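Participant: Below are the sequence and a predicted model for it; my questions follow.
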Amino acid sequence: MYNDLFSIGPVTVHSYGVFTAIALMAALILACNRAKKRGLSDDICYGILFVGVIFGYLCSKLTFVLVEFDSFIKDPKMFLSQSGFVVIGGLIGGILSAWVYCKIKKVEFIDYFDLCAPSIAIAQGFGRIGCFMAGCCYGRETKSCIGIAFTHSDYAPNGVKLIPTQLISSGLDFLNMAFLLILAKKTKKKGIVSAAYVIAYSIGRFFVEMLRDDERGTVGIFSTSQFFSMISLIVGAIYLFLVVKFQDKLVKKETEEPSEEKNEEV
């Protein structure tokens, strides 16, 4: 696969960057279209995307530094110039920043978390295609028919058939998106869709990690991402329990204390 698509003078356009841009656009379009149908603000969606991308990037990099702290101490400048990230760390940072943003804007975070959950999944799906094009996040060597050999990767070993973990992850992300969209039509309960996203992604990520073979750090017997996946799975399960238990209070709160955004629409 080719990460370098073409060059314009000194500027080289990378397929990873192109698919990252596609991922963000797809996420925003999906969120804004659904926001209109649900009576929510697309301006808030733009804001959530903005803060989510910035703080998600920073937190994914920070998590990578914490996981590979020994390497960071040896040569901080060289280490930070590398393209290493911990995606789940970025996901946590993005969600927390979106929560703060919604608090500042005085809108219900849970409404927008439910709204944006399918958008996060579709963004991850396109993002993993970018990983495949670059050759990062590669799988173990295999002789099976599903194996794919890279020829121009700066990350994966070239000329060796590898399990296409990037495409497997991408497929699971798109399936997760479809599942969440169907679930959103089936239930009107707050928090169910966002909780389902966290749980489904955590489970899928944990098992895909078993097929990967790139260097990504470890926590005991687990890879870094598996460790964080277990934590996010527990958090997602607790979140689901709480939103189901306090569903009536969530609905009552929205009825008695409408947000400024809804007041303006009225």
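Facilitator: Arrived safely, thanks for sending. Bear in mind that the values here come from a model prediction, so they are computed numbers and not experimental data.

Participant: And the strands in the chain?
Facilitator: Applying DSSP state E to the chain gives strands spanning 4-8, 11-14, 148-149, 161-162, 218-219, 222-223.

Participant: and F207, which of these is closest to it?
Facilitator: strand 222-223 (11.6 Å; CB to CB). Using the backbone N, CA and C atoms, a C-beta is placed for each residue, glycine as well.

Participant: Now for M230: which residues touch it?
Facilitator: Residues near M230 by CB atoms under 8 Å, 6 or more residues apart in numbering: S202, F206, F222.

Participant: Please repeat the previous calculation with a cut-off of 7 Å.
Facilitator: By CB atoms under 7 Å, 6 or more residues apart in numbering, M230 lies in contact with F206.

Participant: To C102, which of the strands of the chain lies closest?
Facilitator: strand 218-219 (31.0 Å).

Participant: Just say which of the strands of the chain is most tucked in.
Facilitator: strand 161-162 (a mean of 20; mean count of other CB atoms under 10 Å).

Participant: Throw the strands of the chain into JSON lines and include mean pLDDT, thanks.
Facilitator: Shown next, in JSON lines, are these (pLDDT from 0 to 100):
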{"stretch": "strand 4-8", "mean pLDDT": "74"}
{"stretch": "strand 11-14", "mean pLDDT": "80"}
{"stretch": "strand 148-149", "mean pLDDT": "95"}
{"stretch": "strand 161-162", "mean pLDDT": "97"}
{"stretch": "strand 218-219", "mean pLDDT": "83"}
{"stretch": "strand 222-223", "mean pLDDT": "91"}
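
Participant: For this structure, give me the ranges with low pLDDT.
Facilitator: 1-3, 71, 77-84, 253-266 (pLDDT under 70).

Participant: Please name the residues that touch the nearest residue to G127 once chain neighbours are set aside.
Facilitator: In this structure, G127 finds its nearest non-sequential neighbour in A23, 4.7 Å apart by CB to CB, 6 or more residues apart in numbering. Residues counted as contacts of A23 (CB under 7 Å, 6+ apart) are A123, F126, G127.

Participant: how does it look with 10 Å?
Facilitator: S119, I120, I122, A123, Q124, G125, F126, G127, R128, I129, G130, D173 (CB atoms under 10 Å, 6 or more residues apart in numbering).

Participant: before we move on, what about V13?
Facilitator: V13 neighbours (CB under 10 Å, 6+ apart): N3, D4, L5, F6, S7.

Participant: which residues does it form a beta bridge with?
Facilitator: Beta-bridge pairing for V13 (DSSP bridges): F6.

Participant: What separation do you get for it and F109?
Facilitator: From V13 across to F109, the span is 36 Å (CB to CB, to the nearest Å).
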